[in-house]
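1. Have a look; sequence and predicted model below, questions after that.
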Amino acid sequence: DVDGTYDLKDLKAPALTGFALRTFLSVFESSFGSWIYPILAQQSGVTQVLHGVSPPEAPSFLPELPVPEKLSEPECASFTAYANAEEAFASVFKDGFLPKLDQAGQPALTTTPTASVRDYFHAYSTGSLTPTQAMERLISFIQASESASPPCAWLVAWSRDDILRQAAESSERFRSGRARPLEGVPFIVKDVADALPYPTTAGTSFIARRRPVKVSAPFVASLQDLGAILLGKSNMHEIGLGVTGLNLRTGTSRNPWHPGHHTGGSSGGSAAAVAAGLCPFAVGSDGGGSIRIPSSFCGTVGLKPTNGRVTGRGGVEIDCTVATYGPIARSVEDCALLYAVLANQDQWVSHGGQQLPPPALPLPLLPADQQGGQQGAGAKSLQGVKLGIFKQWFNHSDPEVLAACNAALELLEGAGACRVDVVVPELELLRVAHTVTITSEMHHNMQDVWDDPKQRAHFNSDVRLALSCVPHWSPADYILCQRIRTRGSIHFRRAFEKADVIVTPTTPCTAPPISPAAASGGASDLGQTSKIMRYAREANFIGLPAISVPVGHDSSGMPIGLQLMGQPWCEATLLRLAAVLEGALSSRQQGQQQGQGQQGQGQVPAPQPTPRAASSSSHLPYQGAGATAPGTAADPPQVRAALHVASYSYSRAGSSERGSMAGGYAAPGMSAAASGASGCTLQSGAMAGVPAAAVSYARPAQVDMLL
């Protein structure tokens with residue numbers, strides 16, 4: 001029995017960087033560590049949990065996820081196990097599962113102006129652009145991002161020759177009428193999954209030498225069989241043990257909204273590349289918020305599937321009981337597309353050997369639902385959906401984050417959903433138990449490296465310090481944490497008896513700035529890490545699906561995410577709610593833009609993330625030749641990206657005042673002379689308070705360049 005008191009607190013711990021971090025690490029790994037650790041454990045709450053509670057529940061060494069005999073998700077439909085991913089993908093298009101409303105004669109809305117899967121197919125199938133032309137421009141963009149100051153560091157491995165080889169094959173398939181479902185659409189893979197011809201480093205300087213890649217992960221091979229073009233491997237926090245993306249070995253990924261801020265981790269490179277427009281979707285992995293945190297910080301959609309829904313084959317084993325692969329995308333639709341491929345592999349049996357319910361996706365939405373229920377005439381598709389809110393937990397965030405998330409809740413209510421109060425007790429126990437579990441599993445899987453002092457020195461200091469805590473824990477501590485996992489599962493199960501989803505901010509803050517000391521010498525900040533993970537770890541430890549949806553920006557222009565956490569195996573419900581919310585946000589954005597007055601003479605409107613309209617045609621064509629293409633971009637003048645056959649021209653003035661940005665950023669211009677079939681050269685400009693001469697950088701709204 002528990003009283004439901006909210007017990008998560010802000011941890012107070014010193015932030016260490018550079019020389020101070022290295023010095024402390026050296027002392028901590030010495031014989032003095034046995035004196036220092038009890039003090040740290042007491043400050044971080046570990047002692048109080050590991051030596052202060054005795055849960056009666058049996059331990060669960062894997063997430064305890066009941067599999068219903070028949071899973072029913074309203075307004076969703078499942079697709080069965082096909083012979084291969086191409087058959088599943090074809091069925092998705094044929095049956096109209098994707099959460100968009102083209103067939104109802106309404107425009108499909110998204111909240112970001114970067115190129116989507118639809119845009120690629122439109123450009124290719126109409127002949128306005130070939131895959132080879134598009135990839136040549138992307139290559140120029142990658143080169144520009146790497147030569148920027150500071151470098152973007154979104155990719156750790158890519159090959160111009162391999163990209164152009166794939167593009168040439170896709171171009172030929174379009175010419176001959178043999179285009180596959182994802183023909184010519186670029187994607188990237190987090191550098192923890194295998195993707196030939198590249199090595200897999202997991203963000204380290206040593207794993208690639210110890211573990212040669214022989215075959216690509218199953219979902220990577222499926223994406224390429226569907227025609228998608230692999231651009232390369234994305235950067236990550238070393239072995240996934242961090243939430244900022246800081247990595248002195250592979251470079252620290254820079255946030256596309258502001259290069260002075262973190263991308264989040266550990267899938268930071270994937271989220272940043274999608275946000276910048278390098279690709280419409282990317283593969284990430286999530287063991288402690290590693291898909292959702294960077295999605296929140298970078299303004300993308302990120303889905304963490306139910307643990308066990310997506311195969312774990314074909315990658316480095318690091319945090320085996322809490323992690324899963326999942327999609328990061330520029331819109332809910334593109335997220336659903338990638339999820340349809342990831343979930344249709346060989347993962348049809350649960351950890352306990354039970355037959356899993358087949359994956360599902362939302363049915364097409366009604367016109368009023370796509371507008372967030374604001375048209376008045378149509379039925380509300382979220383009628384009766386219960387949004388569970390643990391008020392004290394939900395409110396434990398920064399004011400601007402809280403305001404944006406409350407506004408998003410009102411939009412969901414406008415579509416028919418209702419709020420219900422829920423309680424999730426003992427979140428502090430879950431925090432400590434997840435920390436001990438994931439760090440112990442990482443230490444175990446890196447044991448051979450850790451046991452060699454020379455090899456151990458290759459870890460980044462922050463990761464090494466975290467792993468240094470594990471020898472101070474006993475096997476009994478690990479077993480206790482698995483008892484807490486069982487107990488936490490019961491708490492969440494009871495909450496879901498009252499609610500269909502549990503809603504929180506994705507992160508309680510926006511992307512933190514990158515300090516110069518951290519960028520050059522590393523950083524360890526337990527207080528910041530714990531805060532960023534406040535709403536993320538529970539879904540991993542319990543195994544629940546969760547999705548992050550961008551819902552706004554703070555006064556500095558940095559993105560804010562809302563998290564929807566669902567019941568086991570109910571990813572389709574999350575995608576459905578996310579699609580409704582995405583449409584409502586776009587509708588609200590359009591209304592705000594239409595209501596704005598004329599700008600004063602000489603003023604240039606600050607660019608904003610804006611909706612893109614599509615025609616009333618069917619979903620993406622299964623065959624490229626002769627298919628009905630979606631409509632072109634219909635952005636407002638201040639963010640219009642011109643679509644050209646052989647060249648791209650984009651120019652936009654920036655503002656050096658943060659206060660002038662209404663939920664966006666002031667981007668540098670891209671001149672017509674610098675943009676053509678050979679690619680784009682980014683010009684310096686001003687962005688979010690950074691002096692014009694200080695940056696030469698790519699921003700999200702700027703990167704429709706390939707179309």
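-> Looks like it came in fine.
2. all strands of the stretch 201-350 of the chain, in order?
-> Secondary structure of the stretch 201-350 of the chain (DSSP state E, counting those that start in this stretch): strands at 229-234, 281-286, 301-304, 324-329.
3. Mind putting those into CSV with distance to Asn395?
-> Backbone N, C-alpha and C define where each C-beta goes, glycine included. Below are the strands of the stretch 201-350 of the chain laid out as CSV (distance: least, Cβ to Cβ, whole Å):
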stretch, distance to Asn395
strand 229-234, 34
strand 281-286, 25
strand 301-304, 23
strand 324-329, 27
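4. For Leu363, which of the ones you listed is the nearest?
-> The closest of those to Leu363 is strand 301-304. By Cβ to Cβ, the value is 17.9 Å.
5. Partner strands of that closest one and their direction?
-> strand 324-329 (antiparallel), strand 546-553 (antiparallel) (DSSP bridges).
6. Report how many residues lie close to Gly18.
-> By the criterion of other Cβ atoms under 10 Å, Gly18 has 17 neighbours.
7. Report whether the expected contact of it with Ala517 is present.
-> Yes: in terms of Cβ atoms under 8 Å, Gly18 counts as a neighbour of Ala517; the distance is 4.8 Å.
8. Pick the most buried one from the strands of the stretch 201-350 of the chain.
-> Across the strands of the stretch 201-350 of the chain, averaging neighbours per residue (mean count of other Cβ atoms under 10 Å) puts strand 301-304 on top, at a mean of 33.
9. can you list the residues that contact it?
-> 267, 271, 284, 286, 289, 291-292, 294-296, 324, 326-332, 334-335, 339, 539-540, 545-550, 561, 571, 574-575, 578, 582 (Cβ atoms under 8 Å, 6 or more residues apart in numbering).
10. if we can go back for a sec, next, format the strands of the stretch 201-350 of the chain as TSV and append distance to Arg487 and mean pLDDT.
-> Conversion of the strands of the stretch 201-350 of the chain to TSV gives the following (distance: least, Cβ to Cβ, whole Å; pLDDT from 0 to 100):
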stretch	distance to Arg487	mean pLDDT
strand 229-234	36	98
strand 281-286	22	98
strand 301-304	22	98
strand 324-329	22	97
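11. tell me the mean pLDDT for stretch 210-217?
-> Averaged over stretch 210-217, pLDDT sits at 95.
12. Show me where the stretch 401-550 of the chain has its helices.
-> Ranges of helices within the stretch 401-550 of the chain are 427-445, 447-450, 453-456, 461-468, 475-496, 516-521, 526-532, 537-542, based on DSSP state H, counting those that start in this stretch.
13. What does the pLDDT read for the residue nearest to Asn235 when sequence neighbours are not counted?
-> What sits nearest to Asn235 in space, not counting adjacent residues and going by Cβ to Cβ, 6 or more residues apart in numbering, is Gly269, at 3.3 Å. With respect to pLDDT, Gly269 scores 98.
14. What of Ala634?
-> Ala634 carries a pLDDT value of 29.
15. ditto for the one 5 residues further on
-> The score at Val639 is 20. That number is its pLDDT.
16. Show the contacting residues for the nearest residue to Ala511 once chain neighbours are set aside.
-> Excluding its sequence neighbours, the residue lying closest to Ala511 (Cβ to Cβ, 6+ apart) is Phe297, at 3.8 Å. Contacts of Phe297 were listed using Cβ under 8 Å, 6+ apart, and they are 255, 261-264, 268, 271, 507, 510-511, 558-559, 561.
17. circling back to that earlier point, can you tell me the number of residues neighbouring the residue nearest to Asn235?
-> With other Cβ under 10 Å as criterion, Gly269 counts 35.
18. what residues are up against it?
-> 153-156, 188, 190-191, 234-236, 245, 253, 263.
19. There's contact between Tyr6 and Leu427 in this structure, I believe.
-> Yes: counting by Cβ under 8 Å, Tyr6 touches Leu427, with 7.2 Å between them.
20. hey, what's in contact with both of these two?
-> Contacts common to Tyr6 and Leu427, judged by Cβ under 8 Å, 6+ apart, are Trp393.
21. more crowded one of the two?
-> Shown here are Tyr6 and Leu427; by other Cβ under 10 Å, Leu427 has more neighbours (21 against 17).
22. circling back: so which of the contacts of Phe297 belong to helices?
-> Using DSSP state H, Gly268, Ala271 are the members of the contacts of Phe297 that sit in helices.
23. could the contacts of Phe297 go into TSV alongside distance to Val117 and neighbour count?
-> Formatted as TSV, the contacts of Phe297 follow (distance: Cβ to Cβ, whole Å; neighbours: other Cβ atoms under 10 Å):
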residue	distance to Val117	neighbour count
Asn255	24	31
His261	28	23
His262	28	30
Thr263	23	35
Gly264	24	34
Gly268	23	37
Ala271	17	38
Thr507	27	31
Thr510	28	28
Ala511	26	29
Met558	26	25
Pro559	21	32
Gly561	22	32
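24. The closest residue in space to Thr17 that isn't next to it in sequence: how many residues sit nearby?
-> Nearest residue to Thr17, sequence neighbours excluded (Cβ to Cβ, 6+ apart): Ala517, at 4.0 Å. Residues lying near Ala517 (other Cβ under 10 Å) number 16.
25. Which secondary structure state does Ala77 sit in?
-> strand (DSSP: H, G, I helix; E, B strand; the rest coil).
26. State the pLDDT value of it.
-> pLDDT at Ala77 comes out at 78.
27. Could you count how many residues lie near it?
-> 15.
28. distance of it from Glu57?
-> 36 Å (Cβ to Cβ, to the nearest Å).
29. low-confidence ranges in the stretch 51-200 of the chain?
-> 80-113 (pLDDT under 70).
30. Please disregard the earlier target; I meant the stretch 551-700 of the chain.
-> Applying pLDDT under 70 to the stretch 551-700 of the chain picks out residues 595-700.
31. Please repeat the previous calculation with a cut-off of 80.
-> 589-700 (pLDDT under 80).
32. Could you check the pLDDT of the nearest residue to Leu16 once chain neighbours are set aside?
-> Setting aside the residues directly before and after it, Leu16 is nearest to Ser524 in space (Cβ to Cβ, 6+ apart), at 4.9 Å. pLDDT for Ser524: 95.
33. My read is that Ser524 contacts Ala15, right?
-> Yes: here Ser524 reaches Ala15: they are 7.2 Å apart, a contact under Cβ under 8 Å.
34. Retrieve the pLDDT associated with Thr311.
-> 88.
35. So it sits against Pro218, correct?
-> Yes: between Thr311 and Pro218 there is a contact under Cβ under 8 Å: 5.7 Å.
36. between the helix ranked longest in the chain and strand 546-553, how many degrees?
-> Across the chain, the helix with the greatest residue count (assigned by DSSP H) is helix 571-595. Helix 571-595 runs at 10 degrees relative to strand 546-553, counting by axes from the mean of the first three to the mean of the last three Cα atoms, to 10 degrees.
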